[in-house]
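Q: please find the sequence and the predicted model below.
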Amino acid sequence: MKYSINEDAYFWLIDKIMSHPSFFNEIFHKRQINNIYLDTIELDNYHANLRGNQTREKTRIRWYGDLFQTIKKPALEIKRRFGLVGDKLIYPLNPIEISNQYYWQDIVESQKSSTNHEQEELLVIIDKLSYQVPSIVNAYFRRYFLSANGKFRLTIDNEIKYFATNAGWINPSSIKDHHIIMELKYDLEDAKEAPYVSNYFPFRIIRNSKYVNGINATLLSEIPQ
């Protein structure tokens with residue numbers, strides 16, 4: 001379940017979470033998340049998401065901390081959707097140097113050459129990256145909360161920024177999204193209890209994709225409202 005809240009309500013929202021009857025506690029330190037999203041030249045993944053295709057996926061490279069750095073522990077993530085069910089595949093990558101000027105194919109070739117040849121599945125996936133290109137970069141801060149019974153997790157994303165990119169360049173000037181994205185997560189077996197948690201928040205559940213928002217903002221100049 002996802003909710004979009006105006007950024008001006010940030011401290012009110014944190015107070016609301018901490019006073020929830022499910023007794024949420026913060027379980028991890030606030031940290032910056034960065035992503036390079038990958039797609040075809042025709043933006044097939046973007047259009048599949050817009051259409052709401054029952055089967056679709058998003059591919060990204062994720063890391064934490066500063067946007068521009070030598071990433072010691074980057075991860076390749078593939079988020080897949082099969083109707084109402086989804087999963088996420090995560091593959092650790094070798095270190096990557098990211099600055100506002102970089103060469104995507106050099107990164108792909110470097111990952112190929114430095115990956116253990118016994119990791120056949122990862123090598124096949126990295127090879128497929130040759131046929132995709134960076135489409136957007138985003139960065140935001142995330143906080144994590146867990147209910148007292150351990151069944152429900154909340155994440156709060158704010159200071160969301162989108163950066164235009166291509167196969168060799170990241171625009172250092174960002175486009176800011178003035179919304180907070182709150183997501184309630186839980187296992188399928190706890191779905192019946194979820195309304196008792198979600199109904200405490202006076203927000204409407206939305207369908208939200210930072211990837212779609214980023215493409216709209218950077219390529220179509222449509223800022224999320």
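A: Now that the structure is in, tell me what you want to look at.
Q: can you pull out the strands in this structure?
A: In the chain, strands defined by DSSP state E lie at 2-6, 25-39, 55-64, 69-71, 75-82, 85-92, 96-98, 133-146, 152-164, 175-177, 179-186, listed in chain order.
Q: least reliable of those by average pLDDT, please.
A: Mean pLDDT values for the strands of the chain show the minimum at strand 85-92, a mean of 88.
Q: who does that one pair up with?
A: When pairing is defined by DSSP bridges, strand 85-92 lines up against strand 75-82 (antiparallel).
Q: flag every buried residue along the partner strand.
A: 76, 78-79, 81 (16 or more other C-beta atoms under 10 Å). From N, CA and C alone the C-beta is placed, and that goes for glycine too.
Q: check stretch 191-207 too.
A: The neighbour-count check on stretch 191-207 (16+ other C-beta under 10 Å) flags 197, 201 as buried.
Q: picking that back up, need the strands of the chain in a markdown table (columns: distance to Ser113).
A: Shown next, in a markdown table, are those (distance: least, C-beta to C-beta, whole Å):
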| stretch | distance to Ser113 |
| --- | --- |
| strand 2-6 | 39 |
| strand 25-39 | 19 |
| strand 55-64 | 17 |
| strand 69-71 | 17 |
| strand 75-82 | 16 |
| strand 85-92 | 16 |
| strand 96-98 | 13 |
| strand 133-146 | 20 |
| strand 152-164 | 28 |
| strand 175-177 | 35 |
| strand 179-186 | 37 |
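Q: isn't Asn158 right next to Ile180, touching?
A: Yes - assessed by C-beta atoms under 8 Å, Asn158 is found in contact with Ile180 at 4.6 Å.
Q: the residue lying closest to Ile5 once chain neighbours are set aside and Ser209, how far apart?
A: For Ile5, ignoring the flanking residues on the chain, the nearest one in space by C-beta to C-beta, 6 or more residues apart in numbering is Ile180 at 4.5 Å. Distance of Ile180 to Ser209, computed by C-beta to C-beta, to the nearest Å: 15 Å.
Q: quick one: which of these two has more around it?
A: The neighbour comparison of Ile180 against Ser209 (other C-beta atoms under 10 Å) goes to Ile180, with 21 against 16.
Q: what sits against the more buried one?
A: 4-7, 9-10, 13, 156-158 (C-beta atoms under 8 Å, 6 or more residues apart in numbering).
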